[in-house]
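Engineer: show me the folded form of this:
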Amino acid sequence: MSGSSRLIAVLAAFAMTAVVAPAAASAAGPATTPGPVPMPATSAAPMVTQLPRPTTSPVPNVAQLQAQVDRQQALLDEREAALTAARSKAAQALETFQTATRKVEAATRRAALEAERLAAARRATAMARTKVAAYAGALYRTGSVDGRLQVVASLTRARNPQQLFTGLGLARRIGGHQGSTTVELAGAERTQRAATIRATAAQAALQGAREDAVEARRLADFVVAAVKDHVAAQQIALLRTQAAAAAVAAQEQRRAALLAKAELIARQRALTPLPVGAFPGRPGAVCKGQSTAGYPNGMIPAEALCPLWGTNAQMLRSDAAAAFNDLSKAYAQEFGAPICVTDSYRSYEEQVAVAQAKPALAAQPGSSNHGWGVAADLCDGIQDFDSATHNWMQDNSLIYGWFHPSWAQQGGSKPEAWHWEFAG
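Structural biologist: Numbers count the residues shown, from 1 in each chain. The predicted structure is shown next:
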């Protein structure tokens, strides 16, 4: 393998070279076993099943994005080092191309010189043949038809006068000036053959050098272009990640400000008197994490209920409340306020009162999911289909185990944009 071919092989080888959400509710003291409670007949209480808490947001945080930026920057530095090495290899290839070009030029000049020498030799040969032919004519005209005439005639017809000259000893047999003429002819023919060989070799070397140089140049361009493409792609990825990190940082700052605003609103709401029509006798939730198993619908004690963040006297089953509070805080980071709640857990007496006031909307007392502590009626625009807050709930509630029942959806059997339920 030639040096340029090895360089080409080297160049070719070189070129190809969720953040888990917080726990539902804090552990409390051991659950107490409820005593028998006289109740109207109701459906059996559902078993409480703790759902795995899903990731609250698929968006990576600032620290994760910064780590990605650092990794991409290191890779970019590595790519730039590779680009520098590739440029060095490419420079070597271009230098090889330059050297080959110089060799081509030298070979071209050498071939031209040999061609000139060959032409001169041919002219000398032609002149010598003319002289020999003239000598033969003189012998013929003077009647000297002897061995000399035959020799001279053979010489003028010979394809290799040098061999004939040597074999017959023409200088001796012809003699004098005529002998020197034949020597001149033989020398010219010899020079012509040597020049032809040298010219042919020079042309072959020229062609080989050109091919090697062109291939070296092509691969040099390929190496640099390939590495540049890698570096450009990495730079684009780095810029995108840096932009994403900046955007996430700004978003986190915005969400923190909105959450702080919502915390203030939550404290204010907790002190706000109950609205007209609310059930003034509703006990406050104690939130001891007590199980609701065994309690009839609408008869869950305060120990098994937990308050909803940012509300006054709204409560749900402990796991439903914990998930709802996380959902409400995510909502607050978008809208600057906790989720507005008009109703949540309903005692049996409250279910009876609602059924009397809204017979077309309320479920049969003792069967409502409000009575199990896993349903809430929402406000602040959520009660309107296609509002920004309603759409946000549609997009995000499932992450926290909350959903909008099919019957309550737009086009459902009993559309209620405000009614949402916990799946646990």
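Engineer: next, count neighbours for residue 126.
Structural biologist: 12 (other C-beta atoms under 10 Å). In this view, the C-beta of every residue, glycine as well, is placed from N, C-alpha and C.
Engineer: ditto for residue 201
Structural biologist: For residue 201, the count of nearby residues is 14 (other C-beta under 10 Å).
Engineer: quick one: the strands in the chain, in order.
Structural biologist: Counting by DSSP state E, the chain has strands at residues 305-307, 315-317, 341-343, 375-378, 402-403, 419-422.
Engineer: how many neighbours does residue 302 have?
Structural biologist: Number of residues near residue 302 (other C-beta under 10 Å) recorded here: 16.
Engineer: just the strands of the chain: most buried one?
Structural biologist: Compared across the strands of the chain, strand 315-317 shows the largest average neighbour count, a mean of 27 (mean count of other C-beta atoms under 10 Å).
Engineer: correct me if wrong: residue 366 contacts residue 296.
Structural biologist: Yes - using C-beta atoms under 8 Å, residue 366 is in contact with residue 296, at 7.3 Å.
Engineer: rewinding a little: so which of the strands of the chain comes closest to residue 243?
Structural biologist: Nearest of the strands of the chain to residue 243, taken as C-beta to C-beta: strand 402-403 at 32.7 Å.
Engineer: in stretch 365-374, which residues are buried?
Structural biologist: Of all the residues in stretch 365-374, those buried under the rule 16 or more other C-beta atoms under 10 Å are 365-366, 368-374.
Engineer: so which residues make contact with that stretch?
Structural biologist: 40-43, 45-46, 292, 296-298, 300, 304-305, 315-317, 320-321, 343-348, 350-352, 355, 362-363, 375-376, 421-422, 424 (C-beta atoms under 8 Å, 6 or more residues apart in numbering).
Engineer: quick check: mean pLDDT of it?
Structural biologist: Across stretch 365-374, pLDDT averages out at 94.
Engineer: relative to residue 222, which of the strands of the chain is closest?
Structural biologist: With respect to residue 222, and counting by C-beta to C-beta, the nearest of those is strand 402-403 at 56.5 Å.
Engineer: how about residue 394: what's its closest non-neighbour residue?
Structural biologist: Nearest non-adjacent residue to residue 394, counting by C-beta to C-beta, 6 or more residues apart in numbering: residue 404, 6.5 Å away.
Engineer: residue 380 too?
Structural biologist: residue 340 (3.5 Å).
Engineer: equivalent analysis for residue 328, please.
Structural biologist: residue 339 (4.3 Å).
Engineer: quick check, that neighbour in contact with residue 380.
Structural biologist: Yes - the criterion here is C-beta under 8 Å, and residue 339 meets it with residue 380 at 7.0 Å.
Engineer: which one of these two is surrounded by more residues?
Structural biologist: Applying other C-beta under 10 Å to residue 339 and residue 380 shows that residue 339 carries more neighbours, namely 30 against 18.
Engineer: contacts only, for the more buried one.
Structural biologist: 310, 324, 327-328, 331-332, 378, 380, 382.
Engineer: any idea how far it is from residue 300?
Structural biologist: Separation of residue 339 from residue 300 (C-beta to C-beta, to the nearest Å): 21 Å.
Engineer: next: residue 243.
Structural biologist: Distance from residue 243 to residue 300, by C-beta to C-beta: 50 Å.
Engineer: which one of these two has more residues nearby?
Structural biologist: A count of neighbours by other C-beta under 10 Å puts residue 300 above the other of residue 243 and residue 300, at 26 against 11.
Engineer: need the pLDDT of the closest residue to that one other than its chain neighbours.
Structural biologist: Computed as C-beta to C-beta, 6+ apart, the closest residue to residue 300 that is not its neighbour in sequence is residue 292, at 5.1 Å. With respect to pLDDT, residue 292 scores 86.
Engineer: my read: residue 292 touches residue 315, true?
Structural biologist: No - under the criterion of C-beta under 8 Å, residue 292 makes no contact with residue 315, lying 11.9 Å away.
Engineer: let me know the average pLDDT across stretch 204-220.
Structural biologist: On average, stretch 204-220 scores 77.
Engineer: now that stretch: buried residues?
Structural biologist: 205-206, 208-210, 212-213, 215-217, 219-220.
Engineer: quick one, helices of the stretch 151-300 of the chain?
Structural biologist: Using DSSP state H, counting those that start in this stretch, the helices of the stretch 151-300 of the chain run over residues 161-168, 170-174, 176-271.
Engineer: show me the contacts for residue 413.
Structural biologist: By C-beta under 8 Å, 6+ apart, residue 413 lies in contact with residue 407.
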